[in-house]
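Undergrad: What follows is a predicted structure for the sequence shown.
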Amino acid sequence: MRWTRTAAVLAAVLALGLLPAAPALAAPGPAVELSRAEGGKGGEVTVSGSGWKPGALLMLLICGRAAPGKGVIGGTNSCANTEGRAATVNARGAFSVKLPVAEPPEPCPCVVHVAGVTGQQDAVDRAFTVAGHPVKPLPEASGDGRLAVLAAVRLDGSSGLLTWFGAPPAREVVFTVGNLGSGPVKDPVFEVGSSHGVFAPRYEERQWRGTIAPGRKALVRLPVELTAGAHGDYQVSVRYGGKVLVEQPWGVGRPWGVTLFWLLLAVVVPAALFRIGMAVVDRVRPAAAPARPRTRVRPRTAPPARLRTRAPGPAREPAPGGPGDDEPTAVLPWFRPDSAPSAPESSPTTKGHA
């Protein structure tokens with residue numbers, strides 16, 4: 001009897017201990033509440049949320065062709081992006097933002113779409129009616145297929161010479177998907193986007209041609225392109241059915257060719273302007289008068305030494321001499337002692353008379 005009572009007390013204590021822990025195991029996920037369910041263009045709706053990751057950056061949009069549980073068909077291309085708002089979750093995981101009511105590019109049914117931009121990218125949709133906006137039924141689902149990524153993701157391609165000069169970088173995001181559902185998936189439409197820094201990715205639809213049977217897999221290649229002159233760290237994302245399937249980082253180098261072009265332009269343009277300016281100055285300035293010939297003034301220097309020659313004078317009679325003196329006497333020029341020519345030994349010596 002004593003053991004029975006002890007066992008009952010222990011069971012009661014364990015039951016009481018487990019009761020508070022049960023709600024903690026099922027932690028509530030992100031939730032969104034709207035101040036009203038309908039509004040016209042130009043009005044406002046207060047969007048508040050709880051259960052979000054503290055410090056997360058959220059994006060709030062009004063989207064058409066969407067419903068809670070089915071996501072936004074067409075991605076953010078179906079949303080009024082220009083009237084969107086951003087919100088930061090506080091330390092308690094809550095936020096509250098006033099969102100202007102705008103007409104999305106697609107007809108209703110419409111939702112207020114709240115999605116995380118950084119960190120854990122949760123998404124919550126709340127039904128909202130835009131007064132006066134056209135309404136069309138949602139397109140029927142093509143089957144019960146469910147795609148999931150089965151292998152590692154990679155980016156194929158390389159940058160060419162034009163990219164070095166600022167052309168848009170382009171790659172192909174390659175991944176393998178498998179159909180985990182019970183129905184085939186025919187010509188699935190993926191959404192490919194790229195983000196830089198804290199900015200949200202801008203998605204564009206890319207349709208893959210083919211059919212993925214249940215339990216089968218397929219290799220998917222989707223093109224992705226950035227803007228001209230893009231450089232830095234980017235992140236490529238691929239969504240399907242409102243859920244992100246792929247996230248792949250992409251480091252884009254700086255287009256140094258553009259920098260080189262501007263440096264050359266900074267040198268060539270001033271030089272060309274200088275030459276044009278000089279040509280204009282040469283044309284518009286008056287013609288200069290003809291210059292007078294300059295007389296060259298020779299410096300006063302000592303006159304060059306002239307050779308001393310005997311001045312002509314009255315003829316004198318030759319003095320009597322020996323044999324051979326009857327020959328005429330020639331007047332020789334004056335030579336310096338060191339420059340006088342030497343007479344051969346066989347020739348007779350001629351002497352002048354003073």
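TA: Cool, the structure landed.

Undergrad: did I read that right, V281 in a helix?
TA: Yes. Counting by DSSP: H, G, I helix; E, B strand; the rest coil, V281 is found in a helix.

Undergrad: Neighbours of it, how many?
TA: For V281, the tally of surrounding residues (other Cβ atoms under 10 Å) stands at 9. (Glycine included, C-beta is placed from N, CA and C.)

Undergrad: ok now do it, which residues does it touch?
TA: If you count contacts by Cβ atoms under 8 Å, 6 or more residues apart in numbering, V281 has none.

Undergrad: how close does it sit to F274?
TA: Using Cβ to Cβ, to the nearest Å, one gets 11 Å for the distance from V281 to F274.

Undergrad: do E247 as well
TA: Using Cβ to Cβ, we find E247 at a distance of 54 Å from F274.

Undergrad: who's more crowded, the two?
TA: Higher neighbour count among E247 and F274: E247, with 13 against 10, using other Cβ under 10 Å.

Undergrad: That one in helix, strand or coil?
TA: Taking three-state DSSP as the rule, one finds E247 in the strand state.

Undergrad: Any idea how many residues pack against the closest residue in space to it that isn't next to it in sequence?
TA: Nearest non-adjacent residue to E247, counting by Cβ to Cβ, 6 or more residues apart in numbering: S237, 5.3 Å away. By other Cβ under 10 Å, 20 other residues sit near S237.

Undergrad: Please report how far D233 lies from V153.
TA: Separation of D233 from V153 (Cβ to Cβ): 16 Å.

Undergrad: A87 too?
TA: Looking at A87 against V153, where the rule is Cβ to Cβ, the gap reads 30 Å.

Undergrad: These two: who's more crowded?
TA: A87 (20 against 15).

Undergrad: From C110, how far off is the more buried one?
TA: 19 Å.

Undergrad: tell me which element the residue nearest to E247 falls in.
TA: Remark: S237 resides in strand 232-240, with elements defined by DSSP states H and E.

Undergrad: same deal with L61?
TA: strand 57-63.

Undergrad: list the contacts for the closest residue to V135 other than its chain neighbours?
TA: Across the structure, with Cβ to Cβ, 6+ apart as the measure, the residue nearest V135 apart from its sequence neighbours is C108 (4.6 Å). Taking Cβ under 8 Å, 6+ apart as the contact definition, C108 lies against 64-65, 129-130, 133-136.

Undergrad: Please look at A56 and V89 and confirm they touch.
TA: Yes. A56 is in contact with V89 according to Cβ atoms under 8 Å; the separation is 4.6 Å.

Undergrad: low-confidence ranges in the protein?
TA: 1-28, 74, 118-121, 140-145, 287-354 (pLDDT under 70).

Undergrad: Which parts of the stretch 201-350 of the chain are strands?
TA: In the stretch 201-350 of the chain, the strands defined using DSSP state E, counting those that start in this stretch lie at 202-207, 211-212, 217-225, 232-240, 243-252.

Undergrad: For my notes, please list those in JSON lines and give distance to S50 for each entry.
TA: JSON lines is the format used below for the strands of the stretch 201-350 of the chain (distance: least, Cβ to Cβ, whole Å):
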{"stretch": "strand 202-207", "distance to S50": "27"}
{"stretch": "strand 211-212", "distance to S50": "38"}
{"stretch": "strand 217-225", "distance to S50": "35"}
{"stretch": "strand 232-240", "distance to S50": "25"}
{"stretch": "strand 243-252", "distance to S50": "22"}
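
Undergrad: give me the number of residues near the residue nearest to W250 when sequence neighbours are not counted?
TA: Of all residues not flanking W250 in the chain, Y234 sits nearest, at 4.5 Å (Cβ to Cβ, 6+ apart). For Y234, the number of neighbouring residues by other Cβ under 10 Å comes to 20.

Undergrad: Dig out what Y234 forms beta bridges with.
TA: Beta-bridge pairing of Y234, defined through DSSP bridges, involves H196, W250.

Undergrad: how near is it to R221?
TA: In this structure, Y234 and R221 are 19 Å apart, going by Cβ to Cβ.

Undergrad: Over to T76?
TA: According to Cβ to Cβ, T76 and R221 sit 23 Å apart.

Undergrad: follow-up on the earlier one: buried set for the strand holding S237?
TA: Taking 16 or more other Cβ atoms under 10 Å as the basis for neighbour counts, the residues of strand 232-240 that come out buried are 234, 236-240.

Undergrad: so what does that strand touch, helix or strand wise?
TA: Taking 3 or more Cβ pairs under 8 Å, 6 or more residues apart in numbering; DSSP states H and E as the contact definition, the neighbouring helices and strands of strand 232-240 are strand 170-179, strand 189-196, strand 243-252.

Undergrad: out of those strands, which comes closest to G116?
TA: strand 243-252 (10.1 Å; Cβ to Cβ).

Undergrad: what inclination does that closest one have with respect to strand 189-196?
TA: Calculated by axes from the mean of the first three to the mean of the last three Cα atoms, to 10 degrees, strand 243-252 forms an angle of 40 degrees with strand 189-196.

Undergrad: Report all helices and strands that strand 243-252 contacts.
TA: Looks like strand 243-252 contacts strand 147-149, strand 154-156, strand 170-179, strand 232-240 (3+ Cβ pairs under 8 Å, 6+ apart).

Undergrad: circling back: and T76 and R221? Which one has more around it.
TA: In this comparison of T76 against R221, neighbours counted by other Cβ under 10 Å, the higher total goes to T76 at 22 against 11.

Undergrad: My read is that that one contacts S195, right?
TA: No. T76 is beyond contact range of S195, at 12.0 Å (criterion: Cβ under 8 Å).
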